[in-house]
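Peer 1: Quick check, what structure comes out for this input:
(chains A, B, C and D)
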Protein chains: 2
Amino acid sequence: MRPSKRNELVEKALEVFYQNGFHATGMDMLAAETGISKTSMYKHFRTKEDLIMAALCLRDEEFRTWLFRRMAQLGATPRAQLIAMFDALKEWFAQKGFRSCMFIKASGEYPDPSDPIYLKSSEHKRLLFDYIRDLATQAGAEKPDILARGLLLLKEGAIVTAHLRHDENPAKDAKAAAKILLAAALGS
Amino acid sequence: MRPSKRNELVEKALEVFYQNGFHATGMDMLAAETGISKTSMYKHFRTKEDLIMAALCLRDEEFRTWLFRRMAQLGATPRAQLIAMFDALKEWFAQKGFRSCMFIKASGEYPDPSDPIYLKSSEHKRLLFDYIRDLATQAGAEKPDILARGLLLLKEGAIVTAHLRHDENPAKDAKAAAKILLAAALGS
DNA sequence: CCATAAGTTTACTGATCAGTAGTGTTTATT
DNA sequence: AATAAACACTACTGATCAGTAAACTTATGG
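Peer 2: Presented below is the predicted three-dimensional model:
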(Lines give C-alpha, C1' and ligand atoms only; values in the text may rest on other atoms or scores of the structure.)
Protein backbone atom coordinates (compact mmCIF):
# COMPACT_ATOMS: atom_id res chain seq x y z
CA MET A 1 0.00 0.00 0.00
CA ARG A 2 1.39 3.36 -0.91
CA PRO A 3 1.89 5.54 2.12
CA SER A 4 -0.83 7.87 0.88
CA LYS A 5 -3.34 5.03 0.76
CA ARG A 6 -2.34 3.86 4.18
CA ASN A 7 -2.70 7.35 5.61
CA GLU A 8 -6.03 7.73 3.91
CA LEU A 9 -7.22 4.57 5.63
CA VAL A 10 -5.99 5.59 9.06
CA GLU A 11 -7.49 9.06 8.73
CA LYS A 12 -10.85 7.73 7.65
CA ALA A 13 -10.77 5.08 10.38
CA LEU A 14 -10.05 7.80 12.92
CA GLU A 15 -13.01 9.82 11.75
CA VAL A 16 -15.46 6.91 11.66
CA PHE A 17 -14.34 5.42 14.98
CA TYR A 18 -14.69 8.84 16.56
CA GLN A 19 -18.16 9.47 15.21
CA ASN A 20 -19.52 5.93 15.45
CA GLY A 21 -17.69 4.15 18.21
CA PHE A 22 -15.25 1.28 17.98
CA HIS A 23 -17.36 -1.84 18.44
CA ALA A 24 -20.14 -0.28 16.38
CA THR A 25 -17.84 0.22 13.41
CA GLY A 26 -17.08 -2.88 11.36
CA MET A 27 -14.19 -3.43 9.01
CA ASP A 28 -16.65 -3.89 6.16
CA MET A 29 -18.05 -0.45 6.83
CA LEU A 30 -14.55 1.04 6.75
CA ALA A 31 -13.86 -0.73 3.48
CA ALA A 32 -17.06 0.70 2.03
CA GLU A 33 -16.32 4.22 3.34
CA THR A 34 -12.74 4.36 2.08
CA GLY A 35 -13.13 2.39 -1.13
CA ILE A 36 -10.13 0.37 0.04
CA SER A 37 -10.64 -3.35 -0.14
CA LYS A 38 -10.71 -5.42 3.03
CA THR A 39 -7.81 -7.46 1.69
CA SER A 40 -5.65 -4.39 1.34
CA MET A 41 -6.57 -3.23 4.80
CA TYR A 42 -5.47 -6.50 6.31
CA LYS A 43 -2.21 -6.34 4.35
CA HIS A 44 -1.14 -3.45 6.53
CA PHE A 45 -3.02 -3.98 9.75
CA ARG A 46 -2.99 -7.51 11.02
CA THR A 47 -6.08 -6.95 13.14
CA LYS A 48 -8.79 -4.40 13.81
CA GLU A 49 -7.03 -3.60 17.07
CA ASP A 50 -3.87 -2.67 15.15
CA LEU A 51 -5.89 -0.25 13.05
CA ILE A 52 -7.52 1.24 16.14
CA MET A 53 -4.07 1.70 17.69
CA ALA A 54 -2.81 3.46 14.54
CA ALA A 55 -5.83 5.76 14.60
CA LEU A 56 -5.29 6.53 18.28
CA CYS A 57 -1.61 7.30 17.72
CA LEU A 58 -2.49 9.69 14.92
CA ARG A 59 -5.13 11.36 17.04
CA ASP A 60 -2.76 11.70 19.98
CA GLU A 61 -0.19 13.46 17.82
CA GLU A 62 -2.70 15.66 16.02
CA PHE A 63 -4.61 16.70 19.10
CA ARG A 64 -1.63 17.60 21.24
CA THR A 65 0.01 19.46 18.38
CA TRP A 66 -3.15 21.42 17.71
CA LEU A 67 -3.90 22.23 21.34
CA PHE A 68 -0.38 23.30 22.31
CA ARG A 69 0.04 25.41 19.19
CA ARG A 70 -3.32 27.09 19.70
CA MET A 71 -2.49 27.81 23.35
CA ALA A 72 0.79 29.39 22.25
CA GLN A 73 -1.02 31.51 19.66
CA LEU A 74 -3.70 32.71 22.07
CA GLY A 75 -1.52 33.32 25.13
CA ALA A 76 1.70 35.34 25.41
CA THR A 77 2.87 34.19 28.84
CA PRO A 78 2.78 30.72 30.41
CA ARG A 79 -0.05 31.87 32.63
CA ALA A 80 -2.00 33.28 29.69
CA GLN A 81 -1.45 30.04 27.81
CA LEU A 82 -2.95 28.03 30.62
CA ILE A 83 -6.06 30.16 30.46
CA ALA A 84 -6.03 30.07 26.67
CA MET A 85 -6.39 26.30 26.86
CA PHE A 86 -10.05 26.89 27.57
CA ASP A 87 -10.44 29.24 24.61
CA ALA A 88 -8.97 26.53 22.43
CA LEU A 89 -11.37 24.00 23.94
CA LYS A 90 -14.27 26.29 23.16
CA GLU A 91 -13.26 26.33 19.50
CA TRP A 92 -13.07 22.55 19.52
CA PHE A 93 -16.47 22.13 21.16
CA ALA A 94 -18.03 24.41 18.55
CA GLN A 95 -16.78 22.31 15.65
CA LYS A 96 -19.70 20.49 14.13
CA GLY A 97 -18.21 17.01 14.38
CA PHE A 98 -17.34 17.34 18.08
CA ARG A 99 -18.16 14.17 20.00
CA SER A 100 -16.16 14.25 23.21
CA CYS A 101 -12.63 12.96 23.63
CA MET A 102 -11.51 10.00 21.51
CA PHE A 103 -9.51 8.57 24.42
CA ILE A 104 -12.26 8.83 27.01
CA LYS A 105 -14.45 6.93 24.58
CA ALA A 106 -11.77 4.38 23.78
CA SER A 107 -11.10 3.63 27.43
CA GLY A 108 -14.85 3.31 27.93
CA GLU A 109 -15.14 0.64 25.27
CA TYR A 110 -11.90 -1.12 26.19
CA PRO A 111 -11.84 -0.77 29.98
CA ASP A 112 -9.39 -3.56 30.71
CA PRO A 113 -6.34 -1.77 32.17
CA SER A 114 -3.95 -4.14 30.40
CA ASP A 115 -5.48 -3.52 26.98
CA PRO A 116 -3.14 -1.57 24.66
CA ILE A 117 -6.05 0.68 23.71
CA TYR A 118 -6.65 1.57 27.34
CA LEU A 119 -2.92 2.08 27.88
CA LYS A 120 -2.64 4.41 24.91
CA SER A 121 -5.57 6.45 26.21
CA SER A 122 -3.92 6.66 29.57
CA GLU A 123 -0.63 7.73 28.00
CA HIS A 124 -2.34 10.51 26.05
CA LYS A 125 -3.65 12.00 29.27
CA ARG A 126 -0.24 11.68 30.90
CA LEU A 127 1.43 13.53 28.01
CA LEU A 128 -1.08 16.34 28.35
CA PHE A 129 -0.38 16.50 32.06
CA ASP A 130 3.38 16.71 31.54
CA TYR A 131 3.01 19.69 29.23
CA ILE A 132 0.55 21.56 31.45
CA ARG A 133 2.67 20.93 34.53
CA ASP A 134 5.69 22.42 32.75
CA LEU A 135 3.65 25.50 31.91
CA ALA A 136 2.50 25.74 35.52
CA THR A 137 6.14 25.59 36.62
CA GLN A 138 7.11 28.30 34.15
CA ALA A 139 4.23 30.40 35.39
CA GLY A 140 5.79 30.30 38.82
CA ALA A 141 3.41 28.01 40.67
CA GLU A 142 4.63 26.79 44.03
CA LYS A 143 2.91 23.47 43.51
CA PRO A 144 2.75 23.06 39.73
CA ASP A 145 1.47 19.48 40.01
CA ILE A 146 -1.54 20.53 42.04
CA LEU A 147 -2.32 23.43 39.74
CA ALA A 148 -1.92 21.33 36.60
CA ARG A 149 -4.14 18.58 37.96
CA GLY A 150 -6.80 21.09 38.92
CA LEU A 151 -6.80 22.69 35.49
CA LEU A 152 -6.93 19.32 33.76
CA LEU A 153 -9.89 18.24 35.87
CA LEU A 154 -11.68 21.30 34.53
CA LYS A 155 -10.60 20.41 31.01
CA GLU A 156 -11.85 16.81 31.18
CA GLY A 157 -15.04 17.91 32.88
CA ALA A 158 -15.65 20.51 30.19
CA ILE A 159 -15.16 17.94 27.42
CA VAL A 160 -17.62 15.49 28.94
CA THR A 161 -20.15 18.18 29.74
CA ALA A 162 -19.90 19.83 26.33
CA HIS A 163 -20.66 16.47 24.78
CA LEU A 164 -23.61 15.62 27.02
CA ARG A 165 -25.23 19.00 26.64
CA HIS A 166 -23.97 19.54 23.10
CA ASP A 167 -23.07 23.14 23.52
CA GLU A 168 -19.75 24.93 24.00
CA ASN A 169 -20.61 26.85 27.18
CA PRO A 170 -18.76 24.49 29.51
CA ALA A 171 -15.55 25.95 28.10
CA LYS A 172 -16.61 29.34 29.44
CA ASP A 173 -17.45 27.93 32.86
CA ALA A 174 -14.17 26.05 32.95
CA LYS A 175 -12.26 29.18 31.99
CA ALA A 176 -13.87 31.16 34.81
CA ALA A 177 -13.02 28.42 37.31
CA ALA A 178 -9.49 28.15 35.93
CA LYS A 179 -8.91 31.85 36.51
CA ILE A 180 -9.87 31.38 40.15
CA LEU A 181 -7.50 28.43 40.54
CA LEU A 182 -4.70 30.37 38.88
CA ALA A 183 -5.30 33.40 41.08
CA ALA A 184 -5.15 31.19 44.15
CA ALA A 185 -1.95 29.51 42.99
CA LEU A 186 -0.10 32.52 41.59
CA GLY A 187 -1.78 35.56 43.10
CA SER A 188 -4.06 37.78 41.06
CA MET B 1 -41.69 -12.86 34.85
CA ARG B 2 -41.94 -12.35 38.58
CA PRO B 3 -40.80 -8.89 39.59
CA SER B 4 -37.85 -10.42 41.43
CA LYS B 5 -36.68 -12.15 38.27
CA ARG B 6 -37.12 -9.04 36.26
CA ASN B 7 -35.15 -7.01 38.77
CA GLU B 8 -32.48 -9.66 38.84
CA LEU B 9 -32.11 -9.34 35.09
CA VAL B 10 -31.95 -5.55 35.10
CA GLU B 11 -29.44 -5.54 37.95
CA LYS B 12 -27.20 -8.06 36.25
CA ALA B 13 -27.52 -6.25 32.93
CA LEU B 14 -26.53 -3.04 34.67
CA GLU B 15 -23.43 -4.66 36.11
CA VAL B 16 -22.33 -6.36 32.90
CA PHE B 17 -23.00 -3.35 30.68
CA TYR B 18 -21.04 -1.21 33.11
CA GLN B 19 -18.06 -3.54 33.23
CA ASN B 20 -18.07 -4.68 29.61
CA GLY B 21 -19.63 -1.99 27.54
CA PHE B 22 -22.90 -2.00 25.66
CA HIS B 23 -22.03 -3.13 22.16
CA ALA B 24 -19.52 -5.62 23.54
CA THR B 25 -22.19 -7.32 25.65
CA GLY B 26 -24.52 -9.65 23.79
CA MET B 27 -27.92 -10.82 24.87
CA ASP B 28 -26.64 -14.40 24.83
CA MET B 29 -23.97 -13.46 27.33
CA LEU B 30 -26.57 -11.88 29.59
CA ALA B 31 -28.71 -15.00 29.34
CA ALA B 32 -25.72 -17.12 30.31
CA GLU B 33 -24.76 -14.82 33.20
CA THR B 34 -28.22 -14.59 34.71
CA GLY B 35 -29.44 -18.11 33.97
CA ILE B 36 -32.53 -16.45 32.51
CA SER B 37 -33.49 -17.70 29.08
CA LYS B 38 -33.33 -15.41 26.11
CA THR B 39 -37.00 -16.06 25.45
CA SER B 40 -37.92 -14.83 28.93
CA MET B 41 -35.77 -11.78 28.53
CA TYR B 42 -37.51 -10.83 25.34
CA LYS B 43 -40.89 -11.37 27.02
CA HIS B 44 -40.25 -8.29 29.12
CA PHE B 45 -37.90 -6.21 27.03
CA ARG B 46 -38.89 -5.93 23.42
CA THR B 47 -35.34 -5.02 22.36
CA LYS B 48 -31.85 -4.78 23.73
CA GLU B 49 -32.26 -1.03 23.75
CA ASP B 50 -35.24 -1.36 26.09
CA LEU B 51 -33.12 -3.39 28.48
CA ILE B 52 -30.32 -0.85 28.31
CA MET B 53 -32.81 1.90 29.08
CA ALA B 54 -34.13 -0.02 32.10
CA ALA B 55 -30.59 -0.50 33.34
CA LEU B 56 -29.82 3.19 32.89
CA CYS B 57 -32.99 4.23 34.74
CA LEU B 58 -32.05 1.97 37.64
CA ARG B 59 -28.53 3.34 37.70
CA ASP B 60 -29.75 6.92 37.59
CA GLU B 61 -31.99 6.34 40.61
CA GLU B 62 -29.41 4.36 42.57
CA PHE B 63 -26.52 6.70 41.92
CA ARG B 64 -28.29 9.93 42.74
CA THR B 65 -29.83 8.42 45.86
CA TRP B 66 -26.47 7.14 47.03
CA LEU B 67 -24.55 10.34 46.27
CA PHE B 68 -27.04 12.76 47.80
CA ARG B 69 -27.45 10.63 50.92
CA ARG B 70 -23.72 10.28 51.38
CA MET B 71 -23.24 14.02 50.94
CA ALA B 72 -25.88 14.63 53.62
CA GLN B 73 -24.19 12.17 55.97
CA LEU B 74 -20.74 13.65 55.48
CA GLY B 75 -21.64 17.35 55.53
CA ALA B 76 -23.71 19.28 58.07
CA THR B 77 -24.27 22.50 56.14
CA PRO B 78 -25.04 22.99 52.43
CA ARG B 79 -21.51 24.26 51.94
CA ALA B 80 -20.04 21.25 53.75
CA GLN B 81 -22.21 18.95 51.64
CA LEU B 82 -20.86 20.45 48.45
CA ILE B 83 -17.33 19.69 49.61
CA ALA B 84 -18.40 16.28 50.87
CA MET B 85 -19.41 15.37 47.32
CA PHE B 86 -15.72 14.82 46.64
CA ASP B 87 -15.30 12.61 49.69
CA ALA B 88 -18.18 10.51 48.42
CA LEU B 89 -16.56 10.37 44.99
CA LYS B 90 -13.33 9.18 46.56
CA GLU B 91 -15.18 6.27 48.15
CA TRP B 92 -16.72 5.42 44.82
CA PHE B 93 -13.40 5.56 42.95
CA ALA B 94 -11.86 3.21 45.52
CA GLN B 95 -14.50 0.54 44.97
CA LYS B 96 -12.95 -2.34 43.11
CA GLY B 97 -15.50 -2.44 40.31
CA PHE B 98 -15.19 1.29 39.52
CA ARG B 99 -15.09 1.94 35.79
CA SER B 100 -16.01 5.56 35.23
CA CYS B 101 -19.52 6.89 34.84
CA MET B 102 -22.16 4.69 33.24
CA PHE B 103 -23.69 7.66 31.43
CA ILE B 104 -20.47 9.05 30.05
CA LYS B 105 -19.84 5.61 28.62
CA ALA B 106 -23.38 5.22 27.32
CA SER B 107 -23.28 8.56 25.53
CA GLY B 108 -19.92 7.56 24.07
CA GLU B 109 -21.34 4.41 22.54
CA TYR B 110 -24.63 5.99 21.49
CA PRO B 111 -23.56 9.51 20.48
CA ASP B 112 -26.59 10.35 18.35
CA PRO B 113 -28.27 13.22 20.24
CA SER B 114 -31.73 11.92 19.37
CA ASP B 115 -31.03 8.43 20.74
CA PRO B 116 -33.02 7.69 23.93
CA ILE B 117 -29.85 6.35 25.51
CA TYR B 118 -28.05 9.61 24.87
CA LEU B 119 -31.04 11.57 26.12
CA LYS B 120 -31.23 9.57 29.34
CA SER B 121 -27.53 10.18 29.95
CA SER B 122 -28.04 13.86 29.38
CA GLU B 123 -31.01 13.88 31.75
CA HIS B 124 -28.97 12.21 34.49
CA LYS B 125 -26.42 15.01 34.35
CA ARG B 126 -29.15 17.62 34.39
CA LEU B 127 -30.73 16.09 37.50
CA LEU B 128 -27.37 16.19 39.24
CA PHE B 129 -26.97 19.82 38.26
CA ASP B 130 -30.40 20.77 39.62
CA TYR B 131 -29.58 19.31 43.01
CA ILE B 132 -26.12 20.86 43.26
CA ARG B 133 -27.42 24.24 42.17
CA ASP B 134 -30.05 24.10 44.93
CA LEU B 135 -27.33 23.37 47.46
CA ALA B 136 -25.28 26.26 46.10
CA THR B 137 -28.29 28.53 46.52
CA GLN B 138 -28.82 27.34 50.11
CA ALA B 139 -25.14 27.92 50.79
CA GLY B 140 -25.68 31.56 49.90
CA ALA B 141 -23.92 31.77 46.55
CA GLU B 142 -24.55 34.94 44.60
CA LYS B 143 -24.37 33.03 41.35
CA PRO B 144 -25.38 29.47 42.26
CA ASP B 145 -25.47 28.37 38.61
CA ILE B 146 -21.85 29.34 38.05
CA LEU B 147 -20.70 27.72 41.27
CA ALA B 148 -22.64 24.53 40.59
CA ARG B 149 -21.31 24.26 37.06
CA GLY B 150 -17.75 24.77 38.27
CA LEU B 151 -18.08 22.08 40.91
CA LEU B 152 -19.64 19.67 38.47
CA LEU B 153 -16.85 20.21 35.97
CA LEU B 154 -14.48 19.11 38.72
CA LYS B 155 -16.68 16.11 39.46
CA GLU B 156 -16.84 14.92 35.84
CA GLY B 157 -13.14 15.54 35.39
CA ALA B 158 -12.36 13.56 38.51
CA ILE B 159 -14.46 10.60 37.32
CA VAL B 160 -12.76 10.47 33.94
CA THR B 161 -9.30 10.94 35.41
CA ALA B 162 -9.81 8.37 38.15
CA HIS B 163 -10.77 5.88 35.48
CA LEU B 164 -7.86 6.60 33.16
CA ARG B 165 -5.28 6.52 35.92
CA HIS B 166 -7.14 3.91 37.98
CA ASP B 167 -6.51 5.53 41.31
CA GLU B 168 -8.71 7.61 43.60
CA ASN B 169 -6.41 10.63 43.98
CA PRO B 170 -8.31 12.81 41.50
CA ALA B 171 -11.01 13.07 44.17
CA LYS B 172 -8.49 14.72 46.47
CA ASP B 173 -7.33 17.14 43.76
CA ALA B 174 -10.93 17.95 42.89
CA LYS B 175 -11.76 18.56 46.54
CA ALA B 176 -8.85 20.99 46.90
CA ALA B 177 -9.96 22.88 43.78
CA ALA B 178 -13.57 22.85 44.96
CA LYS B 179 -12.59 24.51 48.22
CA ILE B 180 -10.95 27.30 46.26
CA LEU B 181 -14.05 27.79 44.09
CA LEU B 182 -16.27 27.81 47.18
CA ALA B 183 -14.06 30.31 48.95
CA ALA B 184 -14.19 32.58 45.92
CA ALA B 185 -17.98 32.29 45.66
CA LEU B 186 -18.89 32.45 49.35
CA GLY B 187 -15.87 33.94 51.12
CA SER B 188 -13.57 31.80 53.19
C1' DC C 1 -57.03 -29.72 41.98
C1' DC C 2 -57.17 -27.13 38.13
C1' DA C 3 -56.25 -23.17 35.18
C1' DT C 4 -53.18 -19.75 34.02
C1' DA C 5 -49.23 -17.44 33.70
C1' DA C 6 -44.16 -17.45 34.00
C1' DG C 7 -40.21 -19.51 32.61
C1' DT C 8 -37.34 -22.98 30.22
C1' DT C 9 -35.19 -25.58 26.40
C1' DT C 10 -33.84 -26.23 21.79
C1' DA C 11 -33.50 -24.84 17.49
C1' DC C 12 -33.82 -21.60 14.27
C1' DT C 13 -33.64 -16.88 11.18
C1' DG C 14 -30.94 -13.59 8.47
C1' DA C 15 -27.49 -10.31 9.28
C1' DT C 16 -23.07 -9.01 10.52
C1' DC C 17 -18.71 -9.81 12.78
C1' DA C 18 -13.28 -10.36 12.09
C1' DG C 19 -10.33 -12.36 9.12
C1' DT C 20 -8.64 -15.22 4.76
C1' DA C 21 -7.87 -17.45 -0.12
C1' DG C 22 -7.35 -16.99 -4.78
C1' DT C 23 -7.49 -14.54 -8.82
C1' DG C 24 -7.43 -10.54 -11.46
C1' DT C 25 -6.03 -5.52 -12.40
C1' DT C 26 -3.63 -1.33 -12.00
C1' DT C 27 0.59 1.34 -11.32
C1' DA C 28 5.37 2.55 -10.80
C1' DT C 29 10.00 1.39 -11.72
C1' DT C 30 13.48 -0.17 -14.67
C1' DA D 1 8.05 -3.18 -22.99
C1' DA D 2 8.90 -6.12 -18.85
C1' DT D 3 8.55 -6.91 -14.18
C1' DA D 4 6.97 -6.64 -9.54
C1' DA D 5 4.58 -4.61 -6.04
C1' DA D 6 0.28 -2.55 -4.64
C1' DC D 7 -4.27 -2.97 -5.00
C1' DA D 8 -9.28 -4.68 -5.98
C1' DC D 9 -12.84 -8.24 -6.49
C1' DT D 10 -15.52 -12.18 -5.25
C1' DA D 11 -16.33 -15.50 -2.33
C1' DC D 12 -15.64 -17.76 1.57
C1' DT D 13 -14.85 -19.34 6.94
C1' DG D 14 -16.78 -19.97 11.59
C1' DA D 15 -18.46 -17.17 15.14
C1' DT D 16 -21.60 -14.13 17.01
C1' DC D 17 -25.18 -10.69 16.66
C1' DA D 18 -30.43 -9.47 17.81
C1' DG D 19 -34.56 -11.55 17.79
C1' DT D 20 -38.26 -15.54 17.16
C1' DA D 21 -41.09 -20.15 17.12
C1' DA D 22 -42.88 -24.00 19.28
C1' DA D 23 -43.22 -27.25 22.73
C1' DC D 24 -42.35 -28.32 27.48
C1' DT D 25 -42.12 -27.52 32.70
C1' DT D 26 -42.85 -25.21 36.72
C1' DA D 27 -45.08 -22.40 40.08
C1' DT D 28 -48.97 -19.54 41.69
C1' DG D 29 -53.61 -18.38 42.99
C1' DG D 30 -58.57 -19.42 43.25
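Peer 1: Sort out which residues of stretch A:53-72 are buried, please.
Peer 2: Of the residues in stretch A:53-72, A:53-56, A:58-60, A:63, A:67-68, A:70-71 count as buried by neighbour count, 16 or more other Cβ atoms under 10 Å in any protein chain shown. No exception for glycine: its C-beta is placed from N, CA and C like everyone else's.
Peer 1: mind checking the SS state of the residue nearest to A:T34 when sequence neighbours are not counted?
Peer 2: Distances taken as Cβ to Cβ, 6 or more residues apart in numbering or on different chains put A:K12 closest to A:T34, at 4.7 Å, once the chain neighbours are dropped. Under DSSP: H, G, I helix; E, B strand; the rest coil, A:K12 falls in the helix class.
Peer 1: Then A:D87?
Peer 2: Three-state assignment for A:D87 (three-state DSSP): helix.
Peer 1: neighbours around it, how many?
Peer 2: By other Cβ atoms under 10 Å in any protein chain shown, the residues close to A:D87 number 17.
Peer 1: so it makes contact with A:K172?
Peer 2: No: taking contacts as Cβ atoms under 8 Å, A:D87 lies outside contact range of A:K172: 9.5 Å.
Peer 1: Tell me how far the residue of chain A most remote from its centre lies from A:A32.
Peer 2: Largest separation from the mean C-alpha position in chain A: A:T39, at 30.4 Å (Cα atoms, centre = their mean). Computed as Cβ to Cβ, to the nearest Å, the A:T39 to A:A32 distance reads 14 Å.
Peer 1: okay, now the domains of chain A?
Peer 2: For chain A, automatic domain parsing gives the domain ranges A:1-45, A:55-186.
Peer 1: What residues does chain A have near DNA strand D?
Peer 2: A:1-2, A:5-6, A:35-40, A:43-44 (Cβ under 7 Å from any atom of the strand).
Peer 1: Compare those residues and tell me which is most surrounded.
Peer 2: When neighbours are taken as other Cβ under 10 Å, the top entry among the residues of chain A next to DNA strand D is A:I36 (19 neighbours).
Peer 1: Run through the residues that contact that one.
Peer 2: By Cβ atoms under 8 Å, 6 or more residues apart in numbering or on different chains, the residues touching A:I36 are A:5, A:8-9, A:30.
Peer 1: List the contacts of A:F17.
Peer 2: Contacts for A:F17 (Cβ under 8 Å, 6+ apart) come out as A:25, A:52, A:55, A:102.
Peer 1: let's see it at 6 Å
Peer 2: Applying Cβ atoms under 6 Å, 6 or more residues apart in numbering or on different chains, we find A:F17 in contact with A:25, A:55.
Peer 1: I appreciate the help and will end here.
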